[in-house]
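Student: Structure, please.
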Amino acid sequence: MMTKLSVNINKIATLRNSRGGNNPDVVKAAIDVQLFGADGVTVHPRPDERHIRYKDVREIKKIIKTEFNIEGNCREQKFIDLVLETKPDQVTLVPDELGQLTSDHGWDTIKNKKYLTDIISVFKKAGIRVSIFVDPVIEMVSGAAETGTDRIELYTEGYARQFATGKKQEAVNPYVAAAKKAKESGLGLNAGHDLDLHNLKFFKQNIPWLDEVSIGHALISDAIYLGLENSIQLYKRQLAE
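Tutor: Numbering: from 1, shown residues only. This next block holds a predicted model:
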């Protein structure tokens with residue numbers, strides 16, 4: 001099956017915000033990412049708006065022609081309101097703490113089962129597909145299946161770190177096991193965090209039923225050297241059958 005590539009454009013916004021003004025133009029970046037072949041655009045607004053701003057999300061919604069994925073901390077009412085207002089194709093719920101530098105763990109789906117079940121139903125009633133960030137732990141995948149979520153997103157930093165040491169198979173094994181459990185449970189499967197041109201193909205080969213990957217930091221970093229259009233096409237190639 002074809003795995004979709006959603007490009008996270010947070011880093012474009014970080015670059016813009018570092019200087020003020022509107023260069024690079026985040027909305028134009030979203031338009032171009034689509035033109036250059038990505039299957040979707042991902043944004044992760046945070047309460048301090050240190051990269052993607054809430055205004056950006058509203059502007060991107062107006063021009064989006066592919067899939068729109070909004071990630072974020074659903075314990076922030078401001079985030080919930082934004083998602084319900086803009087109605088993206090997918091919302092990815094991340095257990096961020098206030099001021100967190102980057103997402104670094106998945107949900108404890110057992111401990112937070114009632115909370116997740118309630119908040120997921122809010123988004124699903126609005127017609128928005130829901131994915132939740134989960135570590136590659138069988139119990140957490142099983143717990144996710146009981147919340148009513150449509151998909152899980154496997155948090156892949158651990159895979160990337162171990163892959164970089166040369167232990168490729170050991171790196172991917174827990175993800176394969178978690179992915180199989182998700183499939184058995186009827187859950188769709190996304191993945192993201194530190195996936196790049198070195199480790200993406202091996203991940204996809206071992207989990208061919210992967211629905212979507214969301215990639216930002218590595219792809220935008222590659223684009224500095226390789227160009228944005230070329231980088232998107234290179235990532236798409238890693239996901240090809």
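Student: SS state for the residue most central in space within the chain?
Tutor: Nearest to the centroid of the C-alpha atoms of the chain, with distances taken as CA atoms, centre = their mean, sits S214, at 4.0 Å. When the structure is split into helix, strand and coil by DSSP: H, G, I helix; E, B strand; the rest coil, S214 lands in strand.
Student: ok now stretch 139-151, how far from the chain's centre?
Tutor: Mean C-alpha position of stretch 139-151 versus that of the full chain (CA atoms, centre = their mean, to the nearest Å) differs by 17 Å.
Student: wait, isn't E212 in contact with K204?
Tutor: No: at 11.2 Å, E212 does not count as touching K204 under the criterion of CB atoms under 8 Å. Every residue, glycine included, has its C-beta placed from N, CA and C.
Student: Tell me which of these two has more neighbours.
Tutor: More crowded of E212 and K204, by other CB atoms under 10 Å: E212, with 25 against 19.
Student: Check the gap between that one and K11 for me.
Tutor: When distances are taken as CB to CB, to the nearest Å, E212 and K11 turn out to be 19 Å apart.
Student: List the buried residues of the longest helix along the chain.
Tutor: For the chain, the helix reaching the highest residue count under DSSP state H is reported as helix 168-184. Of the residues in helix 168-184, K168, A171, V172, P174, Y175, A178, A179, K181, A182 count as buried by neighbour count, 16 or more other CB atoms under 10 Å.
Student: Next: stretch 202-217.
Tutor: Applying a neighbour-count criterion of 16+ other CB under 10 Å, the buried positions in stretch 202-217 are 202-204, 206-207, 210-217.
Student: Quick one: classify P24 as helix, strand or coil.
Tutor: In the three-state summary, P24 is assigned as coil, counting by three-state DSSP.
Student: Run the chain-centre distance for the one helix or strand Y235 maps to.
Tutor: Under DSSP states H and E, the secondary-structure element containing Y235 is helix 228-239. Average the C-alpha atoms of helix 228-239, do the same for its chain, and the two points are 17 Å apart (CA atoms, centre = their mean).
Student: For that helix, buried residues please.
Tutor: Buried positions in helix 228-239, judged by neighbour count with 16+ other CB under 10 Å: L228, S231, I232, L234, Y235, K236, Q238, L239.
Student: what's the most distant pair in these?
Tutor: With distances taken as CB to CB, the most widely separated pair in those is L228 and L239, at 17.1 Å.
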